[in-house]
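Visitor: got a structure for you, letters missing:
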């Protein structure tokens, strides 16, 4: 019996030893795999460095040619002018505005000058000169931080602690921001102001937004009317209080010079004071309503009009960065040269295995 138990214990020790050995081999193979990948990445990086060193002169020459082409193209090529306006959205028109400008750009790409001319109410020669429309949020980082702060203040403290600024930006759309910048590029100095005005008119004439504006203004008007009625009733009540106080003041005890008010306890004084505070609060609300009505008077407001006569555009917007066309041409030609040389090197590498096929 003892021998059998000892034998079973030895078998369990062997099984555990094999298990630990398998686990060790698994970790070793995993780290060897990671090491081989890092080694190959390092070798690829070294090869790329030597490849660039080998063809550096060709790439530099290509960049210089690209810059030279950009300079010549700016001097003798067709000029491009641009104009900008900044607008304020008082309603949720952003998505509709972005989709509308995308539609206009698609008409430009399709060279459908008839449709676009009818929409923008401009002549065909002006339509043909338009290159593109562009829209983006005009908020800077500080303004976005302010929006984020206001957003977190409206959340529960526990939930607000889990929201970070980067996630807030990812989950928010540019068209939701109130201030937007619209840019128009054209090959001639068109009447940019007329085009921008027509774009805003096309958006604000939307039936949905007109109805929303009408409902909001009517609601504010009703609130204003109710508050004014309350103030009139309050004035009537104050006149009653005044008459009571005057009558109380006329009652003098035994011809004495002192005056005693009937019901001159803390409650009566508090009621008059509360009535005064209530009137003050209602008048403040009237001021707020007047401001809200002024803000909702226009569905979209043009905050500023910049470069309405059009200025020469020598830059290109790449992922939100304005890059000079001269530098961009140099970078693109250098990159194209690099890709071609890399492709040639790849073909030569494959040629080494031709004899083995």
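Guide: Right, received. Where do you want to start? What you see is a predicted model, and the numbers here were worked out from it, not measured in a lab.

Visitor: just the helices in the stretch 101-250 of the chain please.
Guide: Using DSSP state H, counting those that start in this stretch, the helices of the stretch 101-250 of the chain run over 113-120, 124-129, 141-153, 157-160, 165-171, 192-204, 207-250.

Visitor: Just checking, which helix or strand succeeds the longest one along the chain?
Guide: Right, the one you point to is helix 207-250. helix 266-295 (DSSP states H and E).

Visitor: buried ones in stretch 200-218?
Guide: By neighbour count, with 16 or more other Cβ atoms under 10 Å as the criterion, the buried positions of stretch 200-218 are 200, 202-204, 209, 212-213, 216. Yep, even glycine has a C-beta here, placed from its N, CA and C like the rest.

Visitor: which one among those residues gets closest to residue 232?
Guide: residue 216 (25.2 Å; Cβ to Cβ).

Visitor: What values do phi and psi take at the closest residue to that closest one other than its chain neighbours?
Guide: In this structure, residue 216 finds its nearest non-sequential neighbour in residue 296, 5.3 Å apart by Cβ to Cβ, 6 or more residues apart in numbering. Main-chain dihedrals, residue 296, degrees, to the nearest 10: phi -90, psi 10.

Visitor: can you pull the contacts of residue 296?
Guide: 90-91, 213, 216-217, 220 (Cβ atoms under 8 Å, 6 or more residues apart in numbering).

Visitor: can you rerun that using 10 Å?
Guide: Shown in contact with residue 296 (Cβ atoms under 10 Å, 6 or more residues apart in numbering): 90-91, 212-214, 216-217, 219-220.

Visitor: quick check: mean pLDDT across the lengthiest strand in the chain?
Guide: Ranked by residue count and defined by DSSP state E, the top strand of the chain is strand 300-312. Averaged across strand 300-312, pLDDT comes to 78.

Visitor: Now do that strand: which elements does it pack against?
Guide: strand 81-89, strand 179-186, helix 192-204 (3 or more Cβ pairs under 10 Å, 6 or more residues apart in numbering; DSSP states H and E).

Visitor: which strands and helices sit next to the shortest one?
Guide: So the one you mean is strand 179-186. strand 81-89, helix 94-109, helix 124-129, strand 130-137, helix 192-204, strand 300-312.

Visitor: Can you list the buried residues in the shortest one?
Guide: Taking 16+ other Cβ under 10 Å as the neighbour-count basis, helix 124-129 is seen to contain the buried residues 126-127, 129.
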